[in-house]
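1. Mind looking at a prediction? Sequence and model below.
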Amino acid sequence: MPILDAEPPMEHPSFLMADKRTDPEEVLQLNTNDKLGRILDVFRGAGEIFDGGQTFLARFRLDIYASHRQQNLYYPFASLGDWEIANFLLTSRLSMRAIDEFLSLRLTNSLPLSFSTAKELRSHAEILPSGPRWNARVVPTTHPTKSPVTLYYRDSLDCVESLFNHPLFSQMMDYSPFRLFTTAERIVRVFTEWMSSDGAWDLQLKFPEGSTLCGVILSSDKTHITNMCGGKVAHPLLISLANIHMDIRNKGSSHAFLLLALMPIPTFTHPATRICSVLEARLFHHCLDIVLEPLKQAARFGRMMSDPVGNLRYCFTPLVSYIVDTPEACMLACVRGRTSPVTTAMYKDFGDPDHHPPRTAALTLAQLQSIQCNVNEVERYFAACEDFRLSGVSHPFWRDWLYADPSQFLTLEALHHWHRQFWDHDMQWCKHALGAGELDFRFSVLPPIAGFRHFNQGVTKLKQVGGRTQRDAQQYIIVVIAGFPQVDVVIAVRALMEFWYLAQAPAITSQTHDRISAALKTFHDHKHVIIDAGLRRGQTTGATLDHWEIPKLEFMQSVAPSIHQAGAVIQWSADTTEHAHIEVVKDPVTTTNNQNYDSQICRTLDRDEKCRLFSTAVSLSERTDTHNSLAGDDSETDVLDHSDPNMADSAGDDAIGNILQDLWSSDRSPICFFDSAEKLSNAPLGSVPRPLRPLAIGRTALRLNYKPSICHISIDDAADTFSLPDLRGALSDYLNREGSFCQNFHSFGHQRRSSPNSPLPFNDLHIWFKVRVQQ
């Protein structure tokens, strides 16, 4: 008998009745328009609100030191200036010794500060209101390791509630699934946010009427924390909410991805390297079980949580996305390498033009149940998994998470699946087709274009190529390979480029969806020429390959279905999470003593988060008090609460939105080119340089840089450089017909009235490649 307690996909608890409405008309709230005038069909009955919630400020005022802050808002600091200096020192990466040296300066001693040493400063920081607290737990292992395995983590449900209640997202979050159409006829569907997808709509039907979905997003990836020596690696687990609008969620300054845990990276003493990998994968799933258990309970039974404006909502937490690279996706899906984690395709099927059936949770769990072997006998169990291409993990973390399915939550992402594939495969095909020298030459002779990177030394010798470089090279590749004798090769590469660019759109219509599928079909129709021409070769040996065993190529078959299931694919890109590793891991490491990194990272992040939350609460309190005093009302609830959940433009939302706009917007106001142009045009002659850089013509204003891109060039040389043979005649026409005392009309594309050799009152030109426009 197999020793395995894996369960089939869980059913909803009987006492929580799922929404039984099946008629589409029963769940639609019709005739609603979004801000672009598109038709919005909202799921009726979802996102119901209840009384009794708490705003961010209300929770801040429940702190044990709230009584002190009634007299001094900045307690434990003496004043605003005291807090500002403390906040700067606490969030800087200065060592305690450097802070002590700063505080010992004579000028600093003359300031009325409430602390005099770094230790005293940090003790003040410890009593600031805290976010989700960090925990440490020693995780037992079935096989010996070189050192004890310690897991540092936070309560996952507290992290979700912190994001769900954050005031920054008050007007940037969806609470109900919706379907978006371009016209009232509802012919062309638009897929954008996760809430606009069929997956969100179908999930809402499975949960009780009136409930709110809090779509959980996870992301994990190993990252180096020492660059030159030591080889130290961290494995952060990040968490976010799919309800937050993608443009806000994927902005690093929004801090919408929180560090949930630092997953342990153990060193097992087992002699077989492959078995050590199995043990590491099992431990990873076990740690995920520990960290994510609160979310699993909330997904099954629900949790009452307060939204940003203080309304209570009955929330459920399904897992909707886990952003990972390809090897980690296989580990999470419990399959071996060279096997698709989202479909049943094996490595020999990766080049098939058809979409294979999904590898569902039920299928994987059934295969695990059928293995007649003791899971503690790792070698035998791993060998028994070979028939199903399973990895040897016996207890997947998602086995008891309601409605969690790897074929759905392992969403595709652009950074690893598209840009990396382009560089590893498409670029190599082009290099073998043209030759490395010719490819570099074609890249180098392309004219520089403002806003685009110029590869003046080519691309084949680049080192440490990142996602930004890969994207830059994609912008030129079709022009570079144009003219290659085998046209089908150009067609195949162009089809892939079109596929990737269309799939990166933040809003994808049903028509664009069809074009994405058509582009992929075009590639498969012409890909045979790449192998026939010997362009697909091994990366190390250089030997010609006659197969399409590329996992990322098989992932492309899941793009079109994923758009329906999870919305626009670009929102799941790992760019944001990779960049978040700098903030949550690499920067805190610089403050450590290079010993016990994990605990010191958690301590630094806890201090940074306390400062950020305290700064937000203080700023909101100041602005809210000012708003209430001006309105003649001391009640905060009048500003924040409203009874209608669908009234996005209510007075309460407007009030809190204005406060947040003042708090998070830039202190620098944008320059008005119209005012600048008017002031300079009225300035006395000789007081400002000519020609004027800001120009205003009617409703359009232009601004040029002070220094031109080309300071002095003759008219004839400019005509030759930019291939403008009629430049002199065009300038003469402009002077003759566009002056102050001439008719103000000018036609394009007609015959020049001035001769090509017309005399002009100047000989040289200033040329700008960039111009800024305001209207």
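-> Thanks, I have it. Numbers count the residues shown, from 1 in each chain.

2. low-confidence ranges in the stretch 401-550 of the chain?
-> 450 (pLDDT under 70).

3. and with 50 instead?
-> By pLDDT under 50, the stretch 401-550 of the chain has no low-scoring segment.

4. got the phi/psi numbers for residue 595?
-> Torsion angles at residue 595 (phi, psi; degrees, to the nearest 10) stand at phi -130, psi 140.

5. Look at it and report its pLDDT.
-> As predicted, residue 595 sits at a pLDDT of 83.

6. How many residues are close by it?
-> Using other CB atoms under 10 Å, residue 595 is surrounded by 7 other residues. Where you see a C-beta, it was placed from the backbone N, CA and C, and this is true even at glycine.

7. Relative to residue 272, how far out is it?
-> 31 Å (CB to CB, to the nearest Å).

8. ok, and for whichever helix or strand residue 67 is part of, which residues are buried?
-> Following DSSP states H and E, one finds residue 67 within helix 66-69. Buried residues in helix 66-69, counted by 16 or more other CB atoms under 10 Å: residue 69.

9. tell me the mean pLDDT over it?
-> Rounded mean pLDDT across helix 66-69 is 89.

10. right, and the helix or strand after it?
-> Following helix 66-69 toward the C-terminus (DSSP H and E): helix 80-91.

11. And the next helix or strand past that following helix?
-> That would be, after helix 80-91 and using DSSP H and E, helix 96-103.

12. So which other helices or strands are in contact with that following helix?
-> helix 118-126 (3 or more CB pairs under 8 Å, 6 or more residues apart in numbering; DSSP states H and E).

13. Let's see that with 10 Å instead.
-> helix 80-91, helix 106-109, helix 118-126 (3 or more CB pairs under 10 Å, 6 or more residues apart in numbering; DSSP states H and E).

14. Would you mind writing the CA trace of that helix as PDB?
-> Output of helix 96-103 as PDB, limited to C-alpha atoms (Å, rounded to 0.1, in the frame of the first residue of the first chain):
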ATOM      1  CA  MET A  96      25.500  51.800  13.600                       C
ATOM      2  CA  ARG A  97      29.100  53.100  13.900                       C
ATOM      3  CA  ALA A  98      28.400  55.700  11.100                       C
ATOM      4  CA  ILE A  99      25.200  56.700  12.800                       C
ATOM      5  CA  ASP A 100      26.900  57.200  16.100                       C
ATOM      6  CA  GLU A 101      29.600  59.400  14.400                       C
ATOM      7  CA  PHE A 102      26.900  61.500  12.800                       C
ATOM      8  CA  LEU A 103      25.000  61.900  16.100                       C
END
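
15. for it, which positions count as buried?
-> Quick answer for helix 96-103 (16+ other CB under 10 Å): 99, 100, 103.

16. contacting residues for residue 77?
-> Counting by CB atoms under 10 Å, 6 or more residues apart in numbering, residue 77 touches 83-87, 113-115, 121, 124-125, 128, 614, 618.

17. Adding neighbour count and distance to residue 532, write those out as JSON lines.
-> Listed next are the contacts of residue 77 as JSON lines, based on neighbours: other CB atoms under 10 Å; distance: CB to CB, whole Å:
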{"residue": "83", "neighbour count": "22", "distance to residue 532": "70"}
{"residue": "84", "neighbour count": "13", "distance to residue 532": "68"}
{"residue": "85", "neighbour count": "20", "distance to residue 532": "70"}
{"residue": "86", "neighbour count": "24", "distance to residue 532": "69"}
{"residue": "87", "neighbour count": "17", "distance to residue 532": "64"}
{"residue": "113", "neighbour count": "18", "distance to residue 532": "75"}
{"residue": "114", "neighbour count": "17", "distance to residue 532": "76"}
{"residue": "115", "neighbour count": "21", "distance to residue 532": "74"}
{"residue": "121", "neighbour count": "21", "distance to residue 532": "69"}
{"residue": "124", "neighbour count": "17", "distance to residue 532": "71"}
{"residue": "125", "neighbour count": "21", "distance to residue 532": "66"}
{"residue": "128", "neighbour count": "23", "distance to residue 532": "67"}
{"residue": "614", "neighbour count": "22", "distance to residue 532": "65"}
{"residue": "618", "neighbour count": "18", "distance to residue 532": "68"}
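
18. ok, back up a step: what helices or strands is the helix holding residue 67 leaning on?
-> Secondary elements touching helix 66-69 (3+ CB pairs under 10 Å, 6+ apart): helix 597-631.

19. quick one: buried residues of the helix it packs on?
-> 597-598, 600-611, 613-618, 620-621, 623-624, 627-628.

20. Could you check the angle it makes with helix 80-91?
-> 150 degrees (axes from the mean of the first three to the mean of the last three CA atoms, to 10 degrees).

21. Now do helix 597-631 against helix 118-126, angle only.
-> 60 degrees.

22. ok so, going back, tell me the one of the buried residues of helix 96-103 nearest residue 398?
-> Among those, residue 99 lies closest to residue 398 (CB to CB), at 44.9 Å.

23. can you map out the helices along the stretch 201-350 of the chain?
-> Ranges of helices within the stretch 201-350 of the chain are 246-249, 273-301, 326-333, based on DSSP state H, counting those that start in this stretch.

24. what does the stretch 451-600 of the chain give?
-> Going by DSSP H, counting those that start in this stretch, the stretch 451-600 of the chain shows helices at 467-474, 477-481, 487-503, 510-526, 528-532, 551-555, 559-566, 575-581, 587-589, 597-631.

25. and residue 399, which of those is closest to it?
-> Closest of the helices of the stretch 451-600 of the chain to residue 399 is helix 559-566, at 20.7 Å (criterion: CB to CB).

26. Measure how far that closest one is from the centre of its chain, please.
-> 18 Å (CA atoms, centre = their mean, to the nearest Å).

27. Next, the angle from that helix to helix 487-503.
-> 10 degrees.

28. now helix 559-566 against helix 510-526, angle please.
-> Using the same axes, to 10 degrees: helix 559-566 against helix 510-526 is 150 degrees.

29. Quick one: list the elements packing against helix 559-566.
-> Short answer (3+ CB pairs under 10 Å, 6+ apart): helix 559-566 packs on strand 189-191, helix 198-206, strand 319-323, helix 406-409, helix 487-503, strand 508-509, helix 510-526.

30. isn't residue 504 right up against residue 412?
-> No: the criterion here is CB atoms under 10 Å, and residue 504 misses it with residue 412 at 11.1 Å.

31. Of these two, which one has the most company?
-> residue 412 (25 against 16).

32. distance of the more buried one from residue 258?
-> Counting by CB to CB, the gap from residue 412 to residue 258 is 23 Å.

33. what do you get for residue 221?
-> Taken as CB to CB, the span from residue 221 to residue 258 is 15 Å.

34. what's the answer for residue 114, then?
-> Applying CB to CB to residue 114 and residue 258 gives a distance of 30 Å.

35. Likewise for residue 179?
-> In terms of CB to CB, residue 179 sits 30 Å off from residue 258.
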